[in-house]
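S.K.: From the sequence below, what's the structure:
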Amino acid sequence: MVLSIQRRWQRRFFHKKIPRFALGLLFIYIYSEYIIYYVIQIQCDWPTLNVEDEDSKPVYAMVLADTHLLGTRNGHWIDRWRREWQMHRAFQTAMTLHKPEVVFVLGDLFDEGKWCSQNEFEDYVKRFYYLFKVPEGTTMYAVVGNHDIGFHYSITPQLASRFETKLNSPPVQLVSIRGNHFVLINSMALEGDGCSLCSRAVTEIDKISDILKCSSGSPLCKSRIKLEQYSRPILMQHYPLYRESDSICTEPDAAPLPERNALFEERKDCLSRESTDYLVESLRPRSVFGAHTHHSCVIRHSFMPTAKHKIEFIEYTVPSFSWRNRPDPKYYLISVTPDEVKVAKCELPREWTMKASAALMFVALVIYTRFARTASDFSCKHLSGKKV
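M.R.: Residues are numbered from 1 along each chain as shown. Okay, the predicted model is just below:
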């Protein structure tokens, strides 16, 4: 009798419990590695513009920064695989949910771009384009960062050239989409020391400045080259504009204290004051997007080059997209028309949330597997108490 009950229990365990447990583990894996990215990111959507002109379709752009793909020097291969898988799933989920028209990546694509060999760099580029593959109809622009080619005085012509060639990223680039103009800038080329890279960047900025002046109807333009539709440009670069520190940043995901009060070093933590003034006065931006700090910041600027001339705009510092740099990576969605720029900050799943969710579901699965009864169990127990 006892042996019969034991065999029956073993049969039920292997035929009922183990398949249920295996299916539960499969669901936990799928949720933790796929579904959770949709659950979090579906809560973020394109910001709504105040006035939508039916004749002017908005540009929908995604902005991310500081992916810091690991190389062979920093971090274990398991850490590299894990971080890259996370970013790949998060990015592809964003592409599926939001379908942006254009994607801007604001520098430090690679963690070891300034050190790696040519073969390692080729591998870096292939991995980047695989991990951050954009669908047909979406265009990606990469802005160079200091980890990609080095800080100013460590940049060699070879380091600058290979990034520019492989990522199609010149020191300065004007991208115009339906009357919206984006100026992409190499922050390390604004050192102001007259080097060949800096001279090339300044020449391009001056040229773009003149085109914008001509397009706005200013009598000060020289070349007479005009854009089809004028609007103040949006700056995209790796460094933030000049500021003394992050102490003025009040976002919930700003740098933590006491790091927030640490003084910035010009040309290393942010642009110099002179380069900032030069950019603002030359291009008169309506918005500026930077990165580099790995933390968030929103600053309302008001520059007055002369008593009768005021330039006002908002600067956004984009947090890192990598879990290696922060526990709560972010990216921006921006809706743009020639008259408006609206911004939404989107969260990715926190790492502890993913781990806690998996742990709780596993505990629930163990409890369910241990105590759950099948329909046949219930029937046998119910009928065993009846008289036949």
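S.K.: Could you tell me the phi and psi values at the residue nearest to the spatial centre of the chain?
M.R.: Against the mean C-alpha coordinate of the chain, by CA atoms, centre = their mean, the closest residue is L64 at 2.3 Å. L64 adopts backbone torsions of phi -140, psi 170, taken as degrees, to the nearest 10.
S.K.: if I look at it, how far off is N180?
M.R.: 19 Å (CB to CB, to the nearest Å). No exception for glycine: its C-beta is placed from N, CA and C like everyone else's.
S.K.: cool, and S161?
M.R.: 30 Å.
S.K.: who has more neighbours, the two?
M.R.: Higher neighbour count among S161 and N180: N180, with 25 against 11, using other CB atoms under 10 Å.
S.K.: Y230 is in contact with that one, correct?
M.R.: No - using CB atoms under 8 Å, N180 is not in contact with Y230, being 10.6 Å away.
S.K.: shared neighbours of the two, which are they?
M.R.: P338 (CB atoms under 8 Å, 6 or more residues apart in numbering).
S.K.: how about the closest residue to R273 other than its chain neighbours, secondary structure?
M.R.: Distances taken as CB to CB, 6 or more residues apart in numbering place Y242 nearest to R273, at 4.6 Å, with adjacent residues excluded. Using DSSP: H, G, I helix; E, B strand; the rest coil, the structure places Y242 in coil.
S.K.: which ones are touching Y242?
M.R.: F264, E266, C270, L271, S272, R273, S275, T276.
S.K.: can you put these in CSV and add secondary structure, distance to T72 and pLDDT?
M.R.: Below are the contacts of Y242 laid out as CSV (DSSP: H, G, I helix; E, B strand; the rest coil; distance: CB to CB, whole Å; pLDDT from 0 to 100):
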residue, secondary structure, distance to T72, pLDDT
F264, coil, 31, 97
E266, strand, 32, 96
C270, strand, 30, 97
L271, coil, 31, 97
S272, coil, 34, 97
R273, helix, 38, 96
S275, helix, 34, 96
T276, helix, 36, 97
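S.K.: where does the protein dip in pLDDT?
M.R.: Within the chain, the ranges that satisfy pLDDT under 70 run 1-16, 52-55, 75, 307, 372-388.
S.K.: Contacts for the helix or strand hosting Y130, please.
M.R.: Here Y130 sits within helix 118-131, counting by DSSP states H and E. Residues from elsewhere that reach helix 118-131 (CB under 8 Å, 6+ apart): 67, 69, 71-72, 84, 87-88, 91, 109-110, 112-113, 116, 162, 166-167.
S.K.: cool, stretch 28-39 as well?
M.R.: So stretch 28-39 is contacted by 85, 89-90, 93, 97, 348-349, 353-354, 357-358, 361-362, 365 (CB under 8 Å, 6+ apart).
S.K.: next one: stretch 322-331
M.R.: Contacts for stretch 322-331 (CB under 8 Å, 6+ apart): 62-64, 66-68, 70, 75, 79, 83, 86-87, 90, 94, 253, 294-296, 318-321, 345-348, 350-352.
S.K.: coming back round to it: just the CA atoms of the helix holding Y130, as CSV, please.
M.R.: Taking Å, rounded to 0.1, in the frame of the first residue of the first chain, the C-alpha atoms of helix 118-131 are listed here in CSV:
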residue,chain,number,x,y,z
GLN,A,118,42.7,48.9,-35.9
ASN,A,119,41.5,45.3,-35.8
GLU,A,120,39.8,45.9,-32.4
PHE,A,121,38.3,49.1,-33.7
GLU,A,122,36.9,47.2,-36.7
ASP,A,123,35.3,44.7,-34.3
TYR,A,124,33.9,47.6,-32.2
VAL,A,125,32.2,49.1,-35.3
LYS,A,126,30.6,45.8,-36.3
ARG,A,127,29.3,45.2,-32.8
PHE,A,128,27.9,48.7,-32.5
TYR,A,129,26.0,48.4,-35.7
TYR,A,130,24.7,45.0,-34.7
LEU,A,131,23.6,46.0,-31.2
